[in-house]
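>>> Give me the fold of what follows.
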Amino acid sequence: MHVRSLAFRTDLLLRRLAGSVVIDHPSHLVVRTPANPHFWWGNFVLVPPHALPAAPDLFAAEFPEASHLAIGVDGTEGETGPRADWERRGITVEIDTVLTATSLLPPASPAQADLRALTGADWEQAARLRHACDESEASPENTAFVAAKLAEERRLCEAGDATWFGAFVDGEMRAGLGIFHDGQGLARYQHVETHPAFRRRGLASALVHFAGVEAMRRGAGTLVIVADPAAEAIRVYRSLGFTETERQVRLQRVRGDAA
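Numbers count the residues shown, from 1 in each chain. As a prediction, the model looks like this:
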């Protein structure tokens, strides 16, 4: 299957680097992450827009034991199919904005923080930051997911496939993000987060800029970032020179939530 979506192409890059199994069928893709079965978007199917009506049955056949449903749509214009029908079935439709930049504007004001790539001793702080930012309902499954995701991110950085950056205030990591290279000029941001008590201080803006400049110094020609169009973060990205390129559509549901 030829993938048109820039967002999913870079998602698939990350999943392959992380060791996920990507099975390429002529009509769809199946992505499996055996090391983290609770990671919905490590265990999903990707289909073109015209195949959406049959996609829930396809997912059920590929993941019969899964407690969730996760379907990616390989489009660029935000194609969702019959959205009202999905909602009646308890399926949530998420449409994110995909932004790109080939150069960056400096942040409006400098952040009072030390910006740098993480070293081995910093990963404990990265874990504390992730838990402070996590708004998910506490559960054994979510705890296992977060632990496995952090371990995956660290492995990728130690293998040289990614770099994780932090903004440190008084020696404590208060914002973080990762960035991955495809080796052909694309660099994709991941998991931009700021501690709730340190938001609106310019930390994320400064860190996105810092990491992007470092990525371009390493050969990236295009920076890619995906954002919720209703979230405050997208304003920050636009202020740095990112512009909307396409939209990414994902359908998801906890398996027991069918209407």
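>>> Report the contact partners of the nearest residue to residue 206 once chain neighbours are set aside.
Nearest residue to residue 206, sequence neighbours excluded (CB to CB, 6 or more residues apart in numbering): residue 111, at 3.7 Å. (Glycine included, C-beta is placed from N, CA and C.) For residue 111, the contacting residues are 167, 201, 202, 203, 205, 206, 207, by CB atoms under 8 Å, 6 or more residues apart in numbering.
>>> surely the third one meets residue 167?
No. Under the criterion of CB atoms under 8 Å, residue 202 is not in contact with residue 167, lying 9.2 Å apart.
>>> neighbour count winner among the two?
residue 167 (28 against 21; other CB atoms under 10 Å).
>>> how about the more buried one, phi and psi?
The main-chain torsion angles of residue 167 are listed as degrees, to the nearest 10 and equal phi -110, psi 120.
>>> bridging residues for it?
Here residue 167 sits in beta bridges with residue 115, residue 175, as judged by DSSP bridges.
>>> how about it, what does it touch?
Contact analysis of residue 167 by CB under 8 Å, 6+ apart lists 111, 113-115, 173-176, 194, 203-204, 206-207.
>>> In this structure, where's the longest helix?
The single longest helix within the chain, with elements called by DSSP state H, is helix 140-158.
>>> so residue 8 sits in a helix?
Yes. With DSSP: H, G, I helix; E, B strand; the rest coil as the criterion, residue 8 is assigned to a helix.
>>> count of residues packed around it?
For residue 8, using other CB under 10 Å, the count is 25.
>>> right, and it touches residue 47 too?
No. Under the contact definition of CB under 8 Å, residue 8 does not touch residue 47, with a separation of 10.6 Å.
>>> Spell out which residues are contacts of both of these two.
Between them, residue 8 and residue 47 share the contacting residues 72, 74, judged by CB under 8 Å, 6+ apart.
>>> Pull the distance from the helix or strand of the chain with the lowest mean pLDDT to the chain's centre.
Between all helices and strands in the chain, the lowest mean by mean pLDDT, DSSP states H and E belongs to helix 140-158, at a mean of 88. From the chain centre to the centre of helix 140-158 is a distance of 14 Å (CA atoms, centre = their mean, to the nearest Å).
>>> what helices or strands is it leaning on?
When contacts are defined as 3 or more CB pairs under 8 Å, 6 or more residues apart in numbering; DSSP states H and E, helix 140-158 packs onto helix 123-133, strand 162-169, strand 172-181.
>>> at 7 Å instead, please
Applying 3 or more CB pairs under 7 Å, 6 or more residues apart in numbering; DSSP states H and E, we find helix 140-158 packed against helix 123-133, strand 162-169.
>>> and those, which is most packed in?
strand 162-169 (a mean of 22; mean count of other CB atoms under 10 Å).
>>> got the angle between it and helix 140-158?
110 degrees (axes from the mean of the first three to the mean of the last three CA atoms, to 10 degrees).
>>> so strand 162-169 versus helix 123-133, what angle?
Computed by the same axes, to 10 degrees, the angle between strand 162-169 and helix 123-133 is 70 degrees.
>>> Relative to the whole chain's centre, how far out is strand 162-169?
Centre-to-centre, strand 162-169 and its host chain are 16 Å apart (CA atoms, centre = their mean).
>>> ok, residue 194 touching residue 175?
Yes. Taking CB atoms under 7 Å as the definition, residue 194 is a contact partner of residue 175 at 4.3 Å.
>>> Need the pLDDT of the residue nearest to residue 206.
At residue 111 the predicted local confidence, pLDDT, stands at 88.
>>> next one: phi and psi at it?
Dihedral pair for residue 111: phi -90, psi 140, per degrees, to the nearest 10.
>>> From residue 212, how far off is it?
Per CB to CB, to the nearest Å, residue 111 is found 14 Å from residue 212.
>>> what about the closest residue to residue 133 other than its chain neighbours, helix or strand, and which?
In this structure, residue 133 finds its nearest non-sequential neighbour in residue 193, 4.5 Å apart by CB to CB, 6+ apart. Using DSSP states H and E, residue 193 sits in strand 186-194.
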